[in-house]
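Colleague: Next input, structure requested:
(2 chains)
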Amino acid sequence: MSDRVATREEPVRPTLLPISLIDGAGVAVNGKRTAGFARPDDQLLLGLYRKMVVARRFDIQVSALTRQGRLATYPSALGQEACEISAVAALAEGDWLFPTYRDTVALVSRGVTPAEALTLFRGDWHLGFDPGHYRIAPQSTPLATQALHAVGLATAAKLKGDDTVALTFLGDGSTSEGDAHEAFNFAAVWQAPVVFLVQNNQYAISVPVAKQTHARTFADKAIGYGMPGYFVDGNDAAAMFAVISASVERARAGGGPTLIEGLTYRVEAHTNSDDPTRYRGKAEETTWRGLDPIARLETYLTKAGILTAGVAADITAEAEALASATRDSMSESPVLDPLELFDHVYVNDRPALLEQRAFLERELAATEAGGHR
Amino acid sequence: MTILENRRSAMPAAQEAAQTATQVSLAGALTAALRDSMAEDSRVVVFGEDVGPLGGVFRVTDGLAKEFGDTRIWDSPLAEAGIVGTAIGMAMYGMRPVVEMQFDAFSYPAFEQITSHLAKMHNRSKGAVTLPIVIRIPYAGGIGGVEHHSDSSEAYWTHTPGLTVVTPSNPADAYSMLREAIASDDPVIFLEPKSRYWSKDAVELPVVTPPMTRALVLREGTDVTLVAYGPTVKTALQAADLGAAEGLSIEVIDLRSLSPFDDETVGASVRKTSRAAIIHEASQFGGYGAEVAARVTERQFFHLAAPILRITGFDIPFPSPKLEEYHLPTAERVLAALDTWEW
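Modeller: Sure thing, here's the model as predicted:
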């Protein structure tokens, strides 16, 4: 037996049924399906519920604004709030989040303002926020590339002796990218304090999971890399928070990376320009709406007696306030300055680029003076 | 006074006197530059394939693992996108990674990380994120490498806004330019001409040569400007020697930086000589020489007495070791090309 085999711990075998702490009907789960994870206390769950409701209201508002032409595009995360919000809630202030284009609600939940978070989607040329300030990496449009950035950042933190953890979102489709494999492998070899959260929302635009992988679950892939993998009900915020928190703290304590699959569903289209009726049926959508992450938590918390009418009204007010602020911030078209396009291509100025900037500046001046371009 | 003179005069006399010129190879100069940068700045880390105890397949990181330990320099898994991608994350946390792509053609798996992220992050974050990363790439042919070991990939990188692309041709520049690249806040593609790794010069280290973004006139001449970089600088100087024997005065320019391009130095030379040729190993179509020819034509057209010539590799995949001599531009080919002009 090689040293490697002799010294490695027996890997955590992902379950074949998703880990579940509160089921689709809002009932607490006990026994085997919890895989030993304890249900977070009710006050913590109420906090998650509040953020999920606010996130959904934001998502619905932004989709509406997109249909009205205020944004160029918007990939909705509706139905995925348990994954999005649990991930943000499980991170400490100094930890880093590496989001994809679908995770805008996570940005907003972490404090990025709607105007900042929607900068790119409304057609501007830059992110709109300072990653270092929020410890949120730029939303990645290329798939899985940000997972490597997360591994690098976490490794740098480890080398410096900091206890920073990085969590990166991935989608089911992006696990097919080579960069996902490289990120999993680098993280495991370097024992980087990283959590990979695969939101399996069943579709990569139109392509179903069965055409992305022959593995039983995405969590199963963890075994091959020598890291723990967890297959979790991604619409169960209690389970998602419990598993992500444990993984984050394990990483923080020097235990290395974890791969988590949250089984969820992309309720909306890929973006406003997609047409899901071409590749999936209504029955399926109806089934998943019945497994809604917010509805089940609402049932659970109401039964527990802590989601009172007063609290519910307060949450609604917070959600409406954010929606209103979002509408306000999108009501005017952004003021775009084409000359800014030259300002941050390099740190060090380049004469040839300044010449091109001056050319555009003259052209703009001529246009403003009423001349033809 | 040039910046070079400025920096040199600032060096303490005792330190200068203590230095003795020794024969240093281009590879050895790179090793020294890495060592000095690592010693000076604890944020500088080095990783890649075989760069640890082995010292790299070209031994450029020789001895550094022993000297600095495995928290400063280490062997990574064998995956180039992974190497560049993790370097980006490290730079986001304040480090200054210097990573090695083992051979030119093996950098292609990292193409997306380099072009879509490394090159764009500073811009898309409106300047909030800087990525001070150096990607060292041994490139070009002339060493009898088997397939995929001799590519000249410079045009892929120079075509990408956001990247600085430089290539030294001699040991002094190798040292100074690598130090400067590591100190730069812009990402730098550092192309190392592998056929020149073992060529030696008498160099006093540390040495500071002119800024890496400036082209240098290596040989003054009056009849033609011959623009070269990296591995072909030596070829260009050989051509100048051959030309001199025939009464042809060739001015040789070492570009050093491919992006940005030093329009000023090249332009001044062409205005003097009225003729220009560019020599590179990479294939011709869509190659770097096309950009040089276009820029010089746009800016110096009325000073030109003849069309600009390109002496380059053929538009074929890089040949096998036993056939590369037919592909690589030679001094004789340069002179033959210049002979096609009416003088």
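
Colleague: Show me the strands in the stretch 201-343 of chain B, by range?
Modeller: B:216-219, B:224-228, B:250-254, B:257-259, B:276-283, B:309-313 (DSSP state E, counting those that start in this stretch).

Colleague: can you tell which of the ones you listed is closest to chain A?
Modeller: strand B:257-259 (8.7 Å; CB to the nearest CB). Placement of C-beta: from N, CA and C, glycine included.

Colleague: Could you pull out the buried residues of the closest one?
Modeller: For strand B:257-259, burial by neighbour count (16 or more other CB atoms under 10 Å in any protein chain shown) applies to B:Ser257, B:Leu258, B:Ser259.

Colleague: May I ask which helix or strand encompasses A:Tyr230?
Modeller: Assigned by DSSP states H and E, A:Tyr230 falls within strand A:229-233.

Colleague: buried sites along that strand?
Modeller: For strand A:229-233, the neighbour count (16+ other CB under 10 Å) marks A:Gly229, A:Tyr230, A:Phe231, A:Val232, A:Asp233 as buried.

Colleague: what does stretch B:200-207 give?
Modeller: B:Asp201, B:Val203, B:Leu205, B:Val207.

Colleague: I figured the third one was touching B:Ala29, is that so?
Modeller: Looking back up the chat, that one is B:Leu205. Yes - counting by CB atoms under 8 Å, B:Ala29 is a contact partner of B:Leu205 at 7.0 Å.

Colleague: where does the chain dip in pLDDT?
Modeller: Because you didn't say which chain, this covers chain A. Applying pLDDT under 70 to chain A flags residues A:1-2, A:371-373.

Colleague: right idea, wrong chain: chain B
Modeller: For chain B, the stretches flagged by pLDDT under 70 are B:1-20.

Colleague: Give me the residue at the spatial middle of it.
Modeller: Central residue of chain B (CA atoms, centre = their mean): B:Thr167, 0.6 Å from the mean position.

Colleague: before we move on, back to that, okay if I get the buried residues of stretch B:200-207 as TSV plus distance to chain A?
Modeller: Listed next are these as TSV, based on distance: CB to the nearest CB, whole Å:
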residue	distance to chain A
B:Asp201	28
B:Val203	26
B:Leu205	25
B:Val207	22
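
Colleague: Out of the residues you listed, flag the one nearest to B:Glu67.
Modeller: B:Leu205 (15.8 Å; CB to CB).

Colleague: quick one: secondary structure of the closest residue to the closest one other than its chain neighbours?
Modeller: Nearest non-adjacent residue to B:Leu205, counting by CB to CB, 6 or more residues apart in numbering or on different chains: B:Ala32, 5.2 Å away. Look at B:Ala32: counting by DSSP: H, G, I helix; E, B strand; the rest coil, its state is helix.

Colleague: about what we covered before: name the residues contacting each of B:Leu205 and B:Ala29.
Modeller: By CB atoms under 8 Å, 6 or more residues apart in numbering or on different chains, B:Leu205 and B:Ala29 have these common neighbours: B:Tyr175.

Colleague: secondary structure element for A:Ala25?
Modeller: Judged by DSSP H and E, A:Ala25 forms part of no helix or strand.

Colleague: Now do the same contact list for it.
Modeller: A:Arg296, A:Thr299.

Colleague: ranges for the helices of the stretch 51-200 of chain A?
Modeller: Secondary structure of the stretch 51-200 of chain A (DSSP state H, counting those that start in this stretch): helices located at A:81-90, A:104-109, A:114-117, A:131-134, A:145-160, A:178-190.

Colleague: Tell me which of those helices lies nearest to B:Thr130.
Modeller: helix A:131-134 (10.3 Å).

Colleague: packing partners for that closest one?
Modeller: Packing partners of helix A:131-134 (3 or more CB pairs under 8 Å, 6 or more residues apart in numbering or on different chains; DSSP states H and E): none among the helices and strands.

Colleague: Pull out the CA atoms of that helix and give them to me as PDB.
Modeller: In PDB, the C-alpha atoms belonging to helix A:131-134 read as follows (Å, rounded to 0.1, in the frame of the first residue of the first chain):
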ATOM      1  CA  PRO A 131     -14.200  43.500  -4.600                       C
ATOM      2  CA  GLY A 132     -11.700  44.200  -1.800                       C
ATOM      3  CA  HIS A 133     -14.300  46.300   0.100                       C
ATOM      4  CA  TYR A 134     -16.900  43.600   0.100                       C
END
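
Colleague: Report the buried residues of it.
Modeller: A:Pro131, A:Tyr134.

Colleague: sorry, back to before: OK, contacts around the residue nearest to the centre of chain B?
Modeller: Per CB under 8 Å, 6+ apart, neighbours of B:Thr167: B:Tyr139, B:Glu154, B:Phe190, B:Leu191, B:Glu192, B:Pro193, B:Tyr229, B:Gly230, B:Leu255, B:Arg256, B:Leu258.

Colleague: okay, the strands of the stretch 201-343 of chain B, which one's buried deepest?
Modeller: Ranked by mean neighbour count, the strands of the stretch 201-343 of chain B are led by strand B:224-228 with a mean of 29 (mean count of other CB atoms under 10 Å in any protein chain shown).

Colleague: Any idea how far it is from the middle of the chain?
Modeller: 17 Å (CA atoms, centre = their mean, to the nearest Å).

Colleague: Name the residues that touch that strand?
Modeller: For strand B:224-228, the external contacting residues (CB under 8 Å, 6+ apart) are B:169, B:235-236, B:239-240, B:243, B:248-255, B:266, B:269-270, B:272-273, B:275-280, B:292, B:334, B:338.

Colleague: run the last query once more with 7 Å
Modeller: The contact list for strand B:224-228 (CB atoms under 7 Å, 6 or more residues apart in numbering or on different chains) reads B:235-236, B:239-240, B:250-255, B:266, B:269-270, B:273, B:275-279, B:292, B:334, B:338.

Colleague: got the angle between that strand and strand B:276-283?
Modeller: Between strand B:224-228 and strand B:276-283, the angle comes out at 30 degrees (axes from the mean of the first three to the mean of the last three CA atoms, to 10 degrees).

Colleague: Now A:Gly290: phi and psi?
Modeller: Note on A:Gly290: its backbone torsions stand at phi -70, psi -10 [degrees, to the nearest 10].

Colleague: CA atoms only: put stretch B:268-275 into CSV for me.
Modeller: Extracted C-alpha coordinates of stretch B:268-275, given in CSV (Å, rounded to 0.1, in the frame of the first residue of the first chain):
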residue,chain,number,x,y,z
ALA,B,268,13.5,57.7,-35.3
SER,B,269,15.6,55.0,-36.7
VAL,B,270,13.5,54.5,-39.9
ARG,B,271,13.4,58.3,-40.5
LYS,B,272,17.2,58.1,-40.5
THR,B,273,17.6,54.9,-42.7
SER,B,274,14.4,55.2,-44.9
ARG,B,275,14.2,51.4,-45.0
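
Colleague: Do I have it right that A:Asn272 meets A:Ala72?
Modeller: No - contact between A:Asn272 and A:Ala72 fails when scored by CB atoms under 7 Å: they sit 9.2 Å apart.

Colleague: Give me every residue in chain B lying close to chain A.
Modeller: By the rule CB under 7 Å from any CB of the partner chain, the part of chain B lying against chain A is B:71, B:77, B:79, B:81-82, B:85-90, B:92-93, B:95, B:112-113, B:116-117, B:121-130, B:161-162, B:184-186, B:260-261, B:263.

Colleague: Can you name the residues that contact residue 48?
Modeller: I went with chain A, as the question did not name one. Counting by CB under 7 Å, 6+ apart, the residues that A:Leu48 touches are A:Ile85, A:Ser86, A:Ala89, A:Ala237, A:Phe241.

Colleague: hm, I was asking about chain B
Modeller: Taking CB under 7 Å, 6+ apart, we find B:Gly48 in contact with B:Ser76, B:Ile83, B:Val99, B:Glu100.

Colleague: what's in contact with the helix or strand containing A:Glu249?
Modeller: Using DSSP H and E, A:Glu249 sits within helix A:237-252. The list of residues contacting helix A:237-252 from outside it, by CB under 7 Å, 6+ apart, reads A:19-22, A:37-40, A:45, A:48, A:52, A:82-83, A:85-87, A:89-91, A:163, A:165, A:167, A:193-195, A:197, A:230, A:232-234, A:257-258, A:260, A:262, A:293, A:297.
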